[in-house]
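J.: Only the shape, not the letters, is given here:
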Ligand SMILES: Nc1nc2c(ncn2[C@@H]2O[C@H](COP(=O)(O)OP(=O)(O)OP(=O)(O)O)[C@@H](O)[C@H]2O)c(=O)[nH]1
């Protein structure tokens with residue numbers, strides 16, 4: 001496991017297109033969703049879209065994907081050329097080899113252009129290891145940039161599947177985009193209760209993801225992809241859209257599409273158990289499953305070493321419980337150049353430094369989706385490291401000097 005190094009001037013900014021020199025990193029998206037949720041159907045449709053030209057699709061088995069009508073040729077090396085101009089490869093043994101092979105094709109001119117890579121997972125797969133493969137590989141992390149995790153949810157069976165299968169909940173929790181499929185199968189009566197119950201559940205698991213209805217024509221490439229920090233057209237970082245932190249304030253109001261900014265104070269230790277003044281209490285953290293979504297923020301600049309320690313401690317002690325972490329941080333030593341963090345479980349992307357704050361909001365903001373890791377615990381740890389020590393909270397030095405103190409740090413009464 002590598003350390004999270006907050007060294008702003010030297011950290012490679014893999015999200016931003018380099019000004020000169022190496023080729024810009026290729027956006028990579030993962031399409032996931034439970035068995036039969038409609039992944040193949042969606043891929044078949046979007047691959048015909050002209051904006052998907054020069055896309056390579058990576059799947060586990062050719063047999064599993066019904067792209068037959070698009071196929072024109074099967075090369076001997078496991079790469080199919082689709083009539084749309086896209087490539088389709090199997091993961092033969094190792095995703096790294098497949099991704100390296102694609103780069104080789106581009107670099108030696110066997111492929112003109114590789115605009116995007118889309119990986120379709122099998123229905124039961126946890127997408128996190130795929131993201132780790134890229135984030136942990138020193139070369140792949142330079143040449144590819146993680147764009148979006150797109151999770152499909154069958155509107156007809158979705159609620160049952162979510163309630164029964166841990167894998168389905170994890171796929172939803174880690175998503176940037178949630179695509180609702182099969183809404184045409186819902187009859188008028190189900191239209192009342194079904195979708196709203198499903199939507200409420202999705203909001204509990206992942207309030208920040210943009211939700212799209214495939215049948216309503218919303219699952220278009222433009223909406224599914226380009227979910228990274230940088231607006232692909234302007235090349236300017238769109239932090240507010242990327243974090244979508246406002247959606248975490250009140251999941252019953254958040255639709256993942258918010259772009260406006262509230263000026264809420266998140267520094268208090270709220271557990272989502274109380275009414276935020278919105279007129280009703282929401283139950284984002286009350287469900288049987290242990291997935292929680294919350295934000296932390298502060299307007300105190302954080303020393304780089306404190307951020308490193310916070311992330312390292314959180315990651316080493318609770319890595320598997322961090323389903324997704326995104327954030328923008330004001331560093332005390334360099335407050336005008338924010339650092340962007342992005343983690344999936346114990347693996348964090350090399351932190352990227354922005355040249356400037358994209359807007360007037362210079363607060364440190366982090367969004368967390370956790371599994372069996374109470375908000376209060378993360379919040380107190382964050383407060384200890386960001387300098388807002390509470391009287392009953394161990395100071396960070398004690399916590400790092402004496403690792404035994406970490407296990408005693410959980411406080412169920414406040415978690
Ligand atoms: N009515 C309806 N059927 C759909 C929709 N999307 C997919 N289906 C059907 O659902 C079934 C499963 O779709 P697939 O696209 O194969 O799903 P998948 O996620 O690739 O399936 P696995 O690879 O087995 O996990 C197929 O019979 C599709 O025709 C939809 O929006 N409406």
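T.: Good, I have the coordinates. Predicted, not measured: the structure shown is a model, and the values here were computed from it.
J.: Just give me the longest strand of this protein.
T.: Taking DSSP state E as the criterion, the chain has its longest strand at strand 144-154.
J.: Show residues contacting the helix or strand following it.
T.: Using DSSP states H and E, the helix or strand that follows strand 144-154 towards the C-terminus is helix 158-164. For helix 158-164, the external contacting residues (C-beta atoms under 8 Å, 6 or more residues apart in numbering) are 34, 37, 153-154, 168-169, 172, 180, 194, 197-198, 201, 205. Backbone N, C-alpha and C define where each C-beta goes, glycine included.
J.: The residues you listed also near the ligand: which ones?
T.: Among those, the residues lying close to the ligand (C-beta under 6 Å from any ligand atom) are residue 37.
J.: out of the contacts of helix 158-164, which are buried?
T.: Among those, those classed as buried by 16 or more other C-beta atoms under 10 Å are 34, 37, 153-154, 168-169, 172, 180, 194, 198, 201, 205.
J.: can you map out the helices along the stretch 201-350 of the chain?
T.: 221-224, 239-243, 304-318 (DSSP state H, counting those that start in this stretch).
J.: mind listing what residue 132 touches?
T.: Residue 132 makes contact with 344-345, 347, according to C-beta under 8 Å, 6+ apart.
J.: go with 7 Å
T.: Applying C-beta atoms under 7 Å, 6 or more residues apart in numbering to residue 132 gives the contacts 344, 347.
J.: which stretch of helix or strand covers it?
T.: Using DSSP H and E, residue 132 sits in helix 128-135.
J.: related to what we said a few turns ago, would you list the strands that the longest strand of the chain pairs with, along with their directions?
T.: Using DSSP bridges, the strands paired with strand 144-154 are strand 26-33 (parallel), strand 177-181 (parallel).
J.: what does it rub up against?
T.: By C-beta under 7 Å, 6+ apart, the residues outside strand 144-154 that reach it are 14-15, 25-34, 36-39, 42, 99, 117, 127, 131, 134, 161, 171-172, 174-182, 202, 224-228.
J.: ok so, going back, just the contacts of helix 158-164: which are in strands?
T.: Short answer: the contacts of helix 158-164 in strands (DSSP E) are 153-154, 180.
J.: Relative to residue 375, how far out is residue 227?
T.: 24 Å (C-beta to C-beta, to the nearest Å).
J.: pLDDT weak spots in the stretch 101-250 of the chain?
T.: 187-195, 230-235, 250 (pLDDT under 70).
J.: residues in the stretch 51-200 of the chain within reach of the ligand, list them.
T.: So the stretch 51-200 of the chain meets the ligand at 64, 123, 181-182, 184-185 (C-beta under 6 Å from any ligand atom).
J.: and stretch 357-372, what's its mean pLDDT?
T.: Here stretch 357-372 scores 90 as its mean pLDDT.
J.: Quick check: end-to-end length of that stretch?
T.: From its first residue to its last, stretch 357-372 covers 33 Å (C-alpha to C-alpha, to the nearest Å).
J.: now stretch 202-215
T.: Distance across stretch 202-215, first residue to last, is 18 Å (C-alpha to C-alpha).
J.: Which parts of that stretch count as buried, going by neighbours?
T.: Neighbour counts over stretch 202-215 (16+ other C-beta under 10 Å) mark 202-214 as buried.
J.: next one: stretch 140-151
T.: Here stretch 140-151 shows 140-141, 143-151 as buried, counting by 16+ other C-beta under 10 Å.
J.: now the helices for the stretch 51-200 of the chain?
T.: Using DSSP H, counting those that start in this stretch, helices in the stretch 51-200 of the chain cover 95-107, 128-135, 140-143, 158-164, 166-173, 188-205.
J.: Could you list the buried residues of the fourth one?
T.: Neighbour counts using 16+ other C-beta under 10 Å place 158-159, 161-162 of helix 158-164 among the buried residues.
J.: Out of these, name the two that are farthest from one another.
T.: The span of the buried residues of helix 158-164, defined through C-beta to C-beta, is set by 159 and 161 at 7.3 Å.
J.: hey, what's the closest residue to residue 117 other than its chain neighbours bridged with?
T.: Leaving aside its chain neighbours, residue 117 sits nearest to residue 28 (4.5 Å; criterion: C-beta to C-beta, 6 or more residues apart in numbering). Here residue 28 sits in beta bridges with residue 117, residue 146, going by DSSP bridges.
J.: I'd assumed residue 134 was in contact with residue 28.
T.: Yes. Between residue 28 and residue 134 a contact is recorded at 6.4 Å, counting by C-beta atoms under 7 Å.
J.: for the residue lying closest to residue 242 once chain neighbours are set aside, what are its contacts?
T.: Nearest residue to residue 242 in three dimensions, chain neighbours excluded: residue 229, at 4.6 Å (C-beta to C-beta, 6+ apart). Residue 229 makes contact with 15, 237-239, 242, 340, according to C-beta under 7 Å, 6+ apart.
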